[in-house]
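Undergrad: Here is a sequence with its predicted model. Questions after.
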Amino acid sequence: MEFAQSAPGKCSAASCTLARECLLLLKRRPEPDVALMELINAGLLRLHEPVPLLRSGRTTDTEMEPHIEAAAQALLSTPPSDPDASLRQDLTHLRVFTVDDASTTEIDDGLSVQEDEAGRQLLWVHVADPTRWITPGDVLDLEARARSRSLYFPWGSLPMFPTSLAEGPFSLNSSSSSQGSSSDNLQPCCAFSVCVSLAEDGSLGELITITPSKIRDTYRLTYDEADLDLSLGPGMCRYEDLQLIYEAARLRRSWRVSHGCIDIDLPEGKLEVSVGDLDRKLPGITCTKLSQWESAARLMVAEMMILAGEAVGSLGASAGLPLPYRGQEAPQLPSQKILDALPEGPCRGFALRRCMTRSVIEGSPVRHASLALDAYVQFTSPIRRYSDIMAHFNIKAHLRGEPLPFPATSIMSISAAAVESNRELGRAESDVAKYWAAEYLRQHSSSSWTGVVLGWFRAEAQLAAVTLDELGLETIVKVDFPVVPGDRLNLKLADVDVRSGYYRLYVQDRLGTSAAPADRLLKQDGVDETLLAMDNEKTSQLKQQCANEHVATGDGAASERQMRNPVQWRHFAATANSATNSSSGGSSVSALATVSDPEGLMCESYSGVDSLSSAHAKTRHTVPMAMLAK
């Protein structure tokens, strides 16, 4: 068992020797993958056992070690006194909206809006308050620190805290529904609330307060429910407060855009499978395309989380507090001429993503270029990200006038340790996601998929990055005829090996060309060369050849098939880490590095940038949607 489940170089010498001898006696190759199949055939492991997870030292069991579970039960049976009782404000009069995926069980943020006596609009972000229940250095805190974040997979999550706490008192879990019960009948819960006003241009106007609080989760909505209500507009909708928050989010985003924020507009594929299907020969899998820019509710929540992160960063900067400040250096972006030549949406997102720098955590304020903020602290996901826990502890100590439990040196050392551990865990999330993407495509091997060309992955080898329009998955295909970003291709599965997460797609036909004029897509030097099509001269020659053959055959598609050899090409899978999750929540399944935090730094999501697309992933899958601000 150890030989089959261990990562390379991690199996003990004695176990390796014994396992290899047993396999040789069975006339099998003495390799871990062969041992794995023997264990599956013997019924000792499930057919779809997540081996990458096992090799990272984790299992699918959400129950933690006995002493951790015992500590959780002790906390539930005998709640500790509230260390913030003297500071905790009663905000149960506010209408609170929580907006999540339907499957979400850890409710970690809510939104409110109110008007003060002067007629000024105040925006509230209420955040789950685990630090009301735990203290720095206790057994639950140290376990969360060791885990550093929750993990998200197609069948569910492995929480940072015991499930009984993460889905219980740690969560904003008042008994509420989209039907909206009477607020007097809802059980109050503890929160950590941030209240701000916006200036007329959408910038942060004033941090009114940041305070421990009691709230009632008045309306619990799914993203689909919130999107439907927002689509009705003011006067027609059910929740006028939600419309006000959405308009504030739009104003906020306009301000960030005007100050140079970088949004990565790329879809993601959310894979889901029941944990009970892990031992079925034909597990039921769904793959849903998600896009931040097609959901008003997701944009609203993301912007409010970013706003809360800026408010906390502003407080920390003005008070000189050591906090886990998230930063990112300004990237070298393609010229505006290049970007304008690309179709809006995923093609531009792909071009921008290739240029992004990695995000970092520092103990003092540092500019976050892609969010266009001078100080930003991740604050709104304390149930599933330990960096947020450190921020909560330090801010509460500051509010109480007590020594801070985490000086800058501790923040940096804990963050550095999290980077190392999360590299391996991020690879496990990514490998599991690739496994289920391959299994999904295997089950739909007779289907054809529409691939939208994002740009060249390696122009000299004619390898193009494409996104599968129906699924939101990203992959690489060999295209030996001229294409430009935005072109649509008819793709079909050629080969698949589920166990390794490998699949190959090949081009059957061209379905359509980009509306962007070909003469604007000139081959550039350096990084821009990978974004665009072949140079004009070659493009013109090949298109003329196609046109000539079309005249002769009357079949444009057939003539293109005649001019090329439909080469099948192996799927290039990224080893980048996940969210992040957001939602998010966490995962984005992609052939390229689409994880917001490639170094796996206590996050949940997707591409090398903490942009809006990766700012708040509330989706609970392998690495939830854009999750960095959340």
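TA: Yes, it's here.
Undergrad: Contact partners for residue 48?
TA: With contact taken as Cβ atoms under 8 Å, 6 or more residues apart in numbering, residue 48 is in contact with 277, 278, 279, 280, 283, 435, 439. (Glycine included, C-beta is placed from N, CA and C.)
Undergrad: can I get the residues you listed in CSV with distance to residue 312 and pLDDT?
TA: As requested, the contacts of residue 48 are arranged in CSV below (distance: Cβ to Cβ, whole Å; pLDDT from 0 to 100):
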residue, distance to residue 312, pLDDT
277, 41, 92
278, 40, 91
279, 45, 89
280, 45, 92
283, 42, 95
435, 38, 94
439, 41, 96
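Undergrad: Report the buried members of those.
TA: Neighbour counting by 16 or more other Cβ atoms under 10 Å classes 277, 278, 283, 435, 439 among the contacts of residue 48 as buried.
Undergrad: Of all pairs in those, which one spans the longest distance?
TA: 277 and 435 (13.2 Å; Cβ to Cβ).
Undergrad: Between the contacts of residue 48, which sits nearest residue 40?
TA: residue 279 (9.3 Å).
Undergrad: Wait, that closest one touches residue 46, no?
TA: Yes: at 4.0 Å, residue 279 counts as touching residue 46 under the criterion of Cβ atoms under 8 Å.
Undergrad: okay if I get the contacts of residue 48 as TSV plus distance to residue 80?
TA: Below are the contacts of residue 48 laid out as TSV (distance: Cβ to Cβ, whole Å):
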residue	distance to residue 80
277	40
278	38
279	41
280	44
283	42
435	42
439	45
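Undergrad: Next step: those restricted to helices.
TA: Using DSSP state H, 435, 439 are the members of the contacts of residue 48 that sit in helices.
Undergrad: excluding its backbone neighbours, what's nearest residue 147?
TA: residue 160 (4.9 Å; Cβ to Cβ, 6 or more residues apart in numbering).
Undergrad: One more: residue 244?
TA: Residue 244 sits nearest to residue 113 (Cβ to Cβ, 6+ apart), 4.8 Å away.
Undergrad: Rounded mean pLDDT for stretch 510-525, please.
TA: Stretch 510-525 shows a mean pLDDT of 53.
Undergrad: Report the distance from stretch 480-489 to the chain centre.
TA: 28 Å (Cα atoms, centre = their mean, to the nearest Å).
Undergrad: And it, what's buried?
TA: 481, 482, 483, 484, 485, 486, 487, 488, 489.
Undergrad: One more: stretch 100-119?
TA: 100-101, 104-114.
Undergrad: and which of those residues is nearest to residue 343?
TA: residue 101 (28.8 Å).
Undergrad: ok, so what distance separates the closest one from residue 290?
TA: Here the criterion is Cβ to Cβ, to the nearest Å. By it, residue 101 lies 9 Å from residue 290.
Undergrad: repeat for residue 46
TA: 28 Å.
Undergrad: got it, and residue 243?
TA: According to Cβ to Cβ, residue 243 and residue 290 sit 23 Å apart.
Undergrad: Equivalent analysis for residue 432, please.
TA: For residue 432, the distance to residue 290 - Cβ to Cβ - is 18 Å.
Undergrad: State the three-state secondary structure for residue 113.
TA: Following DSSP: H, G, I helix; E, B strand; the rest coil, residue 113 is assigned to strand.
Undergrad: what sits against it?
TA: Contacts of residue 113 (Cβ under 8 Å, 6+ apart): 121, 122, 123, 124, 241, 244, 245, 248.
Undergrad: for residue 346, same thing?
TA: Residues near residue 346 by Cβ under 8 Å, 6+ apart: 265, 266, 267, 452, 454, 467.
Undergrad: so which two of those are the farthest from each other?
TA: Distance extremes for those: the farthest pair is 265 and 452 at 12.4 Å, using Cβ to Cβ.
Undergrad: Which parts of the stretch 51-200 of the chain are strands?
TA: Along the stretch 51-200 of the chain, counting by DSSP state E, counting those that start in this stretch, strands occupy 89-90, 97-100, 109-115, 121-128, 151-153, 156-158, 189-198.
Undergrad: Rebuild those as JSON lines, extending it with distance to residue 328.
TA: Output for those, formatted as JSON lines (distance: least, Cβ to Cβ, whole Å):
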{"stretch": "strand 89-90", "distance to residue 328": "34"}
{"stretch": "strand 97-100", "distance to residue 328": "26"}
{"stretch": "strand 109-115", "distance to residue 328": "22"}
{"stretch": "strand 121-128", "distance to residue 328": "22"}
{"stretch": "strand 151-153", "distance to residue 328": "23"}
{"stretch": "strand 156-158", "distance to residue 328": "27"}
{"stretch": "strand 189-198", "distance to residue 328": "22"}
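Undergrad: looking at those strands, which is closest to residue 386?
TA: Of all those, strand 151-153 sits nearest to residue 386, with 12.8 Å by Cβ to Cβ.
Undergrad: Parallel or antiparallel, which strands does the closest one pair with?
TA: With DSSP bridges as the test, strand 151-153 is paired with strand 156-158 (antiparallel).
Undergrad: pLDDT averaged over the partner strand - what is it?
TA: Throughout strand 156-158, pLDDT has a mean value of 90.
Undergrad: Stretch 455-472 now?
TA: Stretch 455-472 comes out at a mean pLDDT of 92.
Undergrad: Figure out the length between the terminal residues of that stretch.
TA: By Cα to Cα, to the nearest Å, the extent of stretch 455-472 from end to end equals 16 Å.
Undergrad: in the stretch 501-630 of the chain, which segments are predicted with low confidence?
TA: Scanning the stretch 501-630 of the chain for pLDDT under 70 picks out the ranges 514-630.
Undergrad: Spell out, range by range, the strands that occur in the stretch 301-450 of the chain.
TA: Using DSSP E, counting those that start in this stretch, the strands found in the stretch 301-450 of the chain span residues 325-328, 359-362, 448-458.
Undergrad: which one of those is the most hemmed in?
TA: Neighbour counts (mean count of other Cβ atoms under 10 Å) averaged over each of the strands of the stretch 301-450 of the chain peak at strand 325-328, with a mean of 26.
Undergrad: roughly how far is that one from the heart of the chain?
TA: On Cα atoms, centre = their mean, the centre of strand 325-328 falls 17 Å from that of its chain.
Undergrad: Not counting that strand itself, show me its contacts.
TA: 309, 313, 316, 356-371, 375-378, 609-610, 628.
Undergrad: Out of the residues you listed, list just those in helices.
TA: 309, 313, 316.
Undergrad: Who wins on neighbours among those residues?
TA: residue 309 (31 neighbours; other Cβ atoms under 10 Å).
Undergrad: surely that residue meets residue 379?
TA: Yes: between residue 309 and residue 379 there is a contact under Cβ under 8 Å: 5.6 Å.
Undergrad: In contact with the closest residue to residue 379 other than its chain neighbours, which residues?
TA: Sequence neighbours aside, residue 312 is the residue nearest to residue 379 in space, at 4.6 Å (criterion: Cβ to Cβ, 6+ apart). Counting by Cβ under 8 Å, 6+ apart, residue 312 makes contact with 194, 210, 323, 377, 379, 391, 395.
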